[in-house]
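# Quick one, fold the following:
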Amino acid sequence: MSIDPTAFLASVTAAPPVHHAPNSRYRDIPTAELTNPDGTSTVHLRRRFVPEPDLLATVGRVRVRDGDRIDTLAAEVFGDPTLFWRLADTGLEPRPAALTAEPGRVLRVTAAEGIPGGGGA
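Residues are numbered from 1 along each chain as shown. Have a look, this model is predicted:
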């Protein structure tokens with residue numbers, strides 16, 4: 001099966017802009033518009049930069065138990081499993097599942113970006 005790139009782009013650019021939930025890591029990321037060679041435009045999210053972990057205020061720590069997953073830890077810590085990315089950002093781990101691969105590992109829990117008290121506090 002062959003995919004026509006022009007038709008694919010047309011289907012993507014026809015989609016309405018996405019509005020992200022307040023708990024999304026993309027909630028404050030602005031969009032940009034790219035004009036394609038055929039004159040159509042494509043709206044996309046700008047790059048999301050992971051905050052510097054040392055600037056995030058520490059609010060606690062959580063020890064990984066055997067069988068833990070990053071989403072279940074996020075549910076336990078934040079009350080929302082979709083906030084797993086906050087634990088991953090703090091550990092600068094590109095593969096969030098790796099954070100829970102080793103039972104006994106202690107993960108730093110931080111306040112959301114922009115809340116004062118950083119410096120690894």
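
# Quick one: the strands in the chain, in order.
Assigned by DSSP state E, the chain shows strands spanning 31-35, 41-45, 58-63, 106-110.

# For the first one, which helices and strands make contact with it?
Under the contact criterion of 3 or more C-beta pairs under 8 Å, 6 or more residues apart in numbering; DSSP states H and E, strand 31-35 touches strand 41-45. Just so you know, the C-beta spots here come from the backbone N, C-alpha and C atoms, and that holds for glycine as well.

# I'd like the mean pLDDT over the strand it packs on, please.
Mean per-residue pLDDT for strand 41-45: 86.

# can you count the residues close to E52?
11 (other C-beta atoms under 10 Å).

# what does A88 give?
By other C-beta under 10 Å, the residues close to A88 number 21.

# Equivalent analysis for the one 3 residues further on, please.
G91 has 15 neighbours, counted by other C-beta under 10 Å.

# Select, out of the strands of the chain, the one closest to A21.
strand 41-45 (14.0 Å; C-beta to C-beta).

# How is this protein divided into domains?
The record's domain parsing of the chain by automatic domain parsing lists 5-45, 53-110.

# Most tightly packed of those domains?
domain 53-110 (a mean of 15; mean count of other C-beta atoms under 10 Å).

# Spatially nearest residue to the residue sitting nearest the centre point of the chain, not counting backbone neighbours?
The residue lying closest to the centre of the chain (C-alpha atoms, centre = their mean) is R25, at 4.1 Å. Among residues not flanking R25 along the chain, W85 sits closest, at 4.5 Å (C-beta to C-beta, 6 or more residues apart in numbering).

# got a pLDDT number for the one you found?
At W85, pLDDT is 89.
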